[in-house]
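Novice: Next input, structure requested:
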Amino acid sequence: MKSALPDFPSPWTFRQKIIIFLWGIAWALLCSWTPKPLNKWRLLVMRLFGVKIDGLPFVHPRARIQIPWNLTLHDRACLGDRANAYSLGEIELGIASTVAQECYLCTGTHDMQDRARPLLTAKITIGDWAFLGARTFVLPGVTIGNNCVVGACSVVSKDLPPDCYAIGTPATVRRAKPPL
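Specialist: Presented below is the predicted three-dimensional model:
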């Protein structure tokens, strides 16, 4: 008996699936237990799996990265404790940007109008000197402007301009912030 449901092809090749699997093992064995001062070691492992690194960003040992080659970290960017970079698509953290504890950067969703519900991805960009408070959730395709501060537990569903404070679900701009 053949199913009436459409096939659900994976967007990744077999080789990519193997690398993602090896990445999970490498992170668990080589990085997740390391103390915070071993940041350069974690960055070395991340580079081996294709993370694009500029300067010296910081990645907490309990941060999670889904697909390393879709992540770009610029100098002094910070991926905090238990922050989740669900990098099915590209994620770029700008210079000195901070993604605080337990933030979730989600680059993937599904087309709910299609019975196969294919994966849709869109890049998330966190601007230079931007700060995401703890447990902020950022949806696919969002750009957060330079020097923007997002309050804790906000849900960012649309782009935020530079030099502002934003908060809420969905996050809205509350006031301007002096430029750096």
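
Novice: in the protein, which ranges drop under the pLDDT threshold?
Specialist: By pLDDT under 70, the low-scoring segments of the chain are 1-6.

Novice: in this protein, which helix has the most residues?
Specialist: Identified as the longest helix of the chain according to DSSP state H is helix 14-26.

Novice: Contacts for that helix next, please.
Specialist: Outside helix 14-26, the residues within contact range by C-beta atoms under 8 Å, 6 or more residues apart in numbering are 10, 12, 45, 48-49, 65-68. All C-beta spots, glycine's among them, are computed from the backbone N, C-alpha and C.

Novice: May I see the buried residues of that helix?
Specialist: Buried residues in helix 14-26, defined by neighbour count with 16 or more other C-beta atoms under 10 Å: 19, 23, 26.

Novice: Could you do stretch 163-177 as well?
Specialist: The neighbour-count check on stretch 163-177 (16+ other C-beta under 10 Å) flags 163-167, 171, 173, 177 as buried.

Novice: ok, now stretch 61-71?
Specialist: Quick answer for stretch 61-71 (16+ other C-beta under 10 Å): 61-71.

Novice: Please apply the same query to stretch 75-83.
Specialist: For stretch 75-83, by 16+ other C-beta under 10 Å, it's 76-80, 82-83.

Novice: Farthest-apart pair in the buried residues of stretch 61-71, please.
Specialist: R62 and W69 (21.1 Å; C-beta to C-beta).

Novice: which residues of this protein fall in helices?
Specialist: 14-26, 39-48.

Novice: Let me have the ones you listed in a markdown table, adding distance to S97 as columns.
Specialist: Putting the helices of the chain into a markdown table (distance: least, C-beta to C-beta, whole Å) gives the following:
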| stretch | distance to S97 |
| --- | --- |
| helix 14-26 | 23 |
| helix 39-48 | 16 |
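
Novice: These: which one's closest to G55?
Specialist: With C-beta to C-beta as the yardstick, what comes closest out of the helices of the chain is helix 39-48 (10.0 Å).

Novice: And that closest one, what does it pack against?
Specialist: Contacting helix 39-48 under the criterion 3 or more C-beta pairs under 8 Å, 6 or more residues apart in numbering; DSSP states H and E are the following elements: strand 52-53, strand 58-59.

Novice: Please name every helix or strand in contact with the last one.
Specialist: For strand 58-59, the contact count by 3+ C-beta pairs under 8 Å, 6+ apart identifies helix 39-48, strand 78-79 as packing neighbours.
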